[in-house]
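Enquirer: Prediction below, plus the sequence it came from.
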Amino acid sequence: MKVGVVVFPGSNCDRDALHAARLAGAEAELLWHDDPDLRGADAVILPGGFAHGDYLRSGAIARFSPIMGAVREHAARGGLVLGICNGFQVLTEAGLLPGALLRNASLRFEHGWVDVLAERTDTPFTAHVPAGGVLRMPIAHGEGCYFLPDDELDALESRGQVLFRYAASSNRNGSLRDVAGVISERGNVAGLMPHPERAAERLLGSDDGMLLMRSLVESVARTGVAA
Amino acid sequence: MSSVVAESPADQLLHRRLGLTDAELAAIEARLGRSPNDLELAMFSVMWSEHCSYKSSRPLLATLPTAGEDVLAGVGEQAGVVSIGDGLAVAFKIESHNHPSAVEPYQGAATGIGGILRDIVAMGARPVAFLDALKFGDPAEPGVRRLVRGVVRGIGGYGNCVGVPTVGGELWFDASYERNPLVNAMCVGIVEHDRLARAAATGVGNLAVLIGSPTGRDGIGGASVLASATFDDSSAAMRPSVQIGDPFAGKLLIEASLELVSRVLVVGLQDLGAAGLTCASSEMAERGGTGMRVDLAAVPRREEGMAPFEVMISESQERMLAVVEPPRLSAVEEVCRRWGLPAAVVGTVTDDGHVVVVDGGQEIARVPAVALAGEAIVIQRHAQPPARKRAAPAPGVPDLAHDGLPERGMDPGAVLEALLGSPNLGSRGWVTEQYDSTVGSDTLADGQHGAAVLRIKGTSKAIVMATDSQPGVALADPALAAAMAVAECARNVSITGARPLGVTNCLNFGDPGDPEAYWQLAESVRGMGDACRALGLPVTGGNVSLYNESQSGRIAPTAQVGIVGLLEDVALLVRPAFAAEGDVVALLGETSPGLVGSEYERLAGGAPDDRPPSLDLAAEARLQQTVRRAAAARLLRSAQDVSGGGLAVALAEACIWGSHGAELTLPVALPPAVALFGESPSRVVVSVEPERWRDLAAVCAEHGVPCLRLGTVGGGRLRVRLSGDGATGAAEERGVTVADDIDRSVEDLRRAWQQALPRALGEVA
C-alpha cells in the first residue's frame, strides 16, 4: 500500500502528510507536480499550503500541473484521492469535487483547533470514525468558506456528499451549512479544510486525524482499489 | 541613464545626501587613499549605515559573553548556532524591521519575516519556528490600530505561506511606540552539524551565483534611509524604501537553498538583505579572506534602466548569493530551475581582497572588502545618564504603592480582573489566531501560555523558545530592565524543564548621538551581559536598531531577548496550567518590593519615591536550576512564571488555562499591592501532587530557594485570602471597609482575559 503526496511549488504540509501516512502504516512518497506519473501510488494526497503562492486564486494554477492529469485518471479509475486544505481547493478548481472555497467571512486568516463531525462513516476516508464521533483538528486557512448555490447544496446533501461539518461554534470561516468537507458522488475523492495530518499524535493535541489516515490506508489495503 | 549625481541638488553634497558625515567621508578617503566615485560612495553609505556597520554599538557589544560549549556559530555569522546533541543544532536569530513597518505595516512586517527566515536558511538550517515581539502605542488610537492590523496581517501573510509555524512572541502597548512601533522577528531552524553552511567566499576562481527574484528598484537605501534616521512627517515619502515581499518566492528559495546545502553543491551561502548585493559580496569576501569581482550586466533585473548603484544597493527580497565551484554550477542551475528560480553567475571569487564592480567590461568600483564590512568605521559616542530618573507623578494620583490596596477600599479581585482585561496582559488570541502555529506537526505548545515548545522528530527531544523584554522598567533603570529581560526569558524556558542554550538579542533604542539615548543603550548592554554571565548563557548574535524616535519622542529603551533551550526528554515537559484537583500550589522564590514599571503602576499610578523591583542574579540562577531539577525528577505538575501583573495574574492564568480554580492563602509581610501585583523577578508558581510536596520542599531547601505553600487546586473559583502583618489588620483598625480577598469565578476571569485585545482594538464594545 503506497500513498503519494503531491508537492506543488508552495505546498507546505507535504511533509506533514507524508509523516501521518507513514504513521498510519503506509509506504509514502512525495510526488512532483511537474511529473505526469503517480509512481505506483495506490492513493493520492493533495496537501495543504499555498500552491503557486495561491496567486490568481487558491488552486487555480495548480490544477493545470502535469500531475493533475494523472490524478484525474486515477480518480476516474476509482482510485482514492484526498485533498486537505489547499489540496481541497485544488480539487474543486479541477472539478473533481463540487463547490468553491471563498475568502473566510472574517476576511482574516483563521487558525485554531475545531471540532468536526463526520456525516458519513461508510466511506473509504471515514470507515474508522465512530458514528456520531467528534474529530478535533486544526484549521489554518484564509479561504475556506465553502460555497455552492442553495439548490445545488440541497442536491449535494440529498446525495450524501457532505462528508464533514463543523460542530457548533467551530465554523470560523462562514462555510454554508457548516460544510467542512465533501466527497465525490462515486465516493473515492474527498476534500476537507481541517488538517487531519496535523492531528496525528496525542502529543500534538489530538490524534483524531489518524482515524481518517488509517481509514484511507486500510481501505486501499482491503479493497485493492488502486491505479 | 539616471545616476546618483543627477538627482542631487547642486548645492548639496552627495555624501551628506546619502547619510554620511564629513568625518565619515574623510575616513573613506583614508581607507581608499583617494576620493570614492559616486558608486563607491553609495556602497559605503549603505555598508557604513548604523544598520549594517554597528558603528555606534560595536564597542558595547564586544563586552557581551559569547563563548559556550554548545556554540557552533556565533556573533558575526548570519545567525547563532548551538548544538542540541545527536548531530543536530539549532540556528536562531532575532532582527528588527521597525521603520519599514512604521511606514508600510503589511510589507514592512512581511519582509521582516522573510529577511530573518533567509538568515536561518543561509546557515543550512530548515526554519521550524517564528516568534514575533511587537510593540505599539496606545491601542485606542486609530493610527495605532491600523499599524497593529497591518503588522499582524503582514507577519501572517508571509509566515503562513512559507509553512513555518509562528509559535510565540510578545505584544506590548506603550505610548512611546505610537509612531515608531517595534517589529522584532525571531526565526529558529534545525540543522545537522555536518550541513552547517557558512557565508564565506572561499576558493579563488569559484563562482558567485545570484539565486532568486530578479533585482528591482524596491528597497533602495532601506538600511541607510529607513533604519538609520529618525522619523518625521515625511515618513510617507519613504515608502519606496520599503521592500516588497513575495512569500511564494521565499518558500521556493527555502527549498532550493536547503537542497543545495544538503547535496553539498555550494561552498558558501548568504541572504541578500540590507544593502543587497553590496553587503553580500563584501561580507562574504571579508569572511573568506578573499575578494569578489561582480559583473553588473549579469544581474537579472525586473526593471529597465537601473543605474549601477541601484543594482548594487537594491534590497529586492527573496535573493541569495551562493559561492559555487565551477564543476557544480550545472547541478546548482538544475536545482534552481526545478524550483522555478532564476540563477545567474554574477561574479567570481578573487584573491586581491577587493570588491570590484564591472559593468560592460569596464571597472566602475574597487573597494577593499574589509573597508566595507570588517573594518567599517567605529564611532565613540558619549553617554550621559538623565538628570532626573523619573517624572513626578501627576497631582492627585493616589499613593497606592505604599498604602496597599485594601486600605484604599479597592477590591483586589476587581484589580485582578482589570489587569487580566488590559491590553498588555490579556489573551493574545486575537493575534495568534491569524498565525498558523501547527504546520510542521511539531508544535507542543504555541507560546500563548508561556514558552513555545517544538518536538524534534526522530528524537526524544524538544526545543523550547521564548522572547521577552522589560520596557516598563527600562525608563527607570535600563541595565536592570535588560537583565530582567534575560532572567525572565531564561526562566520561561527553564520552567518547562529545558536548559537554556543561548541568547539572541534585538536592541531597540533612540539616536545614539543623543548622550542620554546612548547611555540607555550602554546600560542595557551592561545589564544584559551581567545577566548572561550569571546564568551561563552565551550571546550568539542579534541586531541593533537605533534612531527609534519620532515627533512623539524616543521609544522606551527596549532590549528584546530571545532564548532557545533544550528539553532532553519531551515526556518531562512541564506546562504552566494547573492540571489536577487537589494538587498543592506553591510559590518558589522571594517577593521583593518596588512597583515601578509594573502593570499595576500603569493602572493605579505610582508613588513618587518608589522604585523598580530588584534582581538578585545569583538567586535567579538558583531558582532556575532548582525548577529544572524538580522537573527532571517529575516533581512538578505545572510551573508558571510570575511576571506581568504579578503573582495574582500568574495564579489566574494557571487557573484559566487549566480550567481549574484554587483555594489559596497568601501570608503577606509587604503591602498587599506588592504581594499580589508586584512584578519582582525570580519567582515561579508551581503545582505538585500532594504526595510529592515534601520532595519538592526538600529540593528547594537544598538549593536555598524559598518555597511557600499557598493552598490547593480545586473548584471553579480563584480564592486568595491575605493573612499576616501586611494584610488587612491595619485597615480594620482604622475602620475601613475592605474586601480582603480575591474571590472570582474562573469563568469571569477568563472572559476578562479573552476580551482584552478585541476590546482594546475597538472590535467589541
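Expert: It's in.

Enquirer: hang on, A:L211 packs against A:V129?
Expert: Yes - shown here, A:L211 and A:V129 form a contact pair, counting by C-beta atoms under 8 Å, at 4.8 Å. In short, each C-beta sits where N, CA and C put it, glycine included.

Enquirer: okay, and the common contacts of those two?
Expert: A:L135 (C-beta atoms under 8 Å, 6 or more residues apart in numbering or on different chains).

Enquirer: got a list of contacts for the top helix by length along chain A?
Expert: Longest helix in chain A by number of residues (criterion: DSSP state H): helix A:209-223. For helix A:209-223, the external contacting residues (C-beta under 8 Å, 6+ apart) are A:1, A:3, A:20-21, A:23-26, A:42-43, A:80, A:82, A:123-129, A:133, A:135, A:137, A:195-201, A:225-226.

Enquirer: That one - what's its average pLDDT?
Expert: Average pLDDT, helix A:209-223: 91.

Enquirer: circling back to that earlier point, among the contacts of helix A:209-223, which ones lie close to chain B?
Expert: Residues shared between the contacts of helix A:209-223 and the neighbourhood of chain B are A:A20, A:H195, A:E197, A:R198, A:A200, A:E201 [C-beta under 8 Å from any C-beta of the partner chain].

Enquirer: and the residues you listed, which of them are in helices?
Expert: A:A20.

Enquirer: Without its sequence neighbours, what residue ends up closest to B:P758?
Expert: B:V764 (4.6 Å; C-beta to C-beta, 6 or more residues apart in numbering or on different chains).

Enquirer: Shouldn't the one you found be within a helix?
Expert: No - membership of B:V764 in a helix is not supported by DSSP: H, G, I helix; E, B strand; the rest coil, which gives coil.

Enquirer: Can you get me a residue count around the nearest residue to B:A556 once chain neighbours are set aside?
Expert: Once flanking residues are discounted, B:A556 sits nearest to B:P471: 4.0 Å by C-beta to C-beta, 6+ apart. Around B:P471 there are 23 other residues, counting by other C-beta atoms under 10 Å in any protein chain shown.

Enquirer: And the average pLDDT for the helix or strand encompassing B:V151 is what?
Expert: Using DSSP states H and E, B:V151 maps to helix B:142-162. Per-region confidence: helix B:142-162 scores 97 on mean pLDDT.

Enquirer: Quick check: can you name the pairing partners of the following helix or strand past it and their directions?
Expert: For helix B:142-162, the following helix or strand on the C-terminal side (DSSP H and E) is strand B:166-173. Strand pairing for strand B:166-173, using DSSP bridges, gives strand B:126-136 (parallel).

Enquirer: Output the partner strand as CSV, nothing but the C-alphas.
Expert: Provided in CSV are the C-alpha atoms of strand B:126-136 (Å, rounded to 0.1, in the frame of the first residue of the first chain):
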residue,chain,number,x,y,z
ARG,B,126,15.4,24.3,8.0
PRO,B,127,13.3,27.0,9.6
VAL,B,128,10.9,25.5,12.1
ALA,B,129,9.5,28.4,14.1
PHE,B,130,8.9,32.1,14.2
LEU,B,131,8.4,34.3,17.3
ASP,B,132,7.5,38.0,16.9
ALA,B,133,7.9,40.7,19.5
LEU,B,134,5.7,43.6,18.7
LYS,B,135,5.4,47.0,20.4
PHE,B,136,2.8,49.6,19.6
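
Enquirer: now that strand against helix B:142-162, angle please.
Expert: 180 degrees (axes from the mean of the first three to the mean of the last three C-alpha atoms, to 10 degrees).

Enquirer: residues in chain A within reach of chain B, list them.
Expert: A:9-10, A:12-13, A:15-16, A:19-20, A:34, A:48-50, A:52-55, A:108-112, A:138, A:140, A:142, A:195, A:197-198, A:200-201, A:203-205.

Enquirer: show me where the stretch 651-765 of chain B has strands.
Expert: B:662-667, B:684-688, B:707-713, B:717-723, B:742-745 (DSSP state E, counting those that start in this stretch).

Enquirer: With the stretch 201-350 of chain B instead?
Expert: Under DSSP E, counting those that start in this stretch, the stretch 201-350 of chain B gives strands at B:207-212, B:268-271, B:291-295, B:319-324, B:343-350.

Enquirer: Nearest to A:L148 among those strands would be which one?
Expert: For those, the distance to A:L148 is smallest for strand B:207-212, at 39.9 Å, taking C-beta to C-beta.

Enquirer: now stretch B:756-765, how far from the centre of its chain.
Expert: 26 Å (C-alpha atoms, centre = their mean, to the nearest Å).

Enquirer: buried sites along it?
Expert: Residues of stretch B:756-765 classed as buried by neighbour count (16 or more other C-beta atoms under 10 Å in any protein chain shown): B:A756, B:L757, B:R759, B:A760, B:L761.
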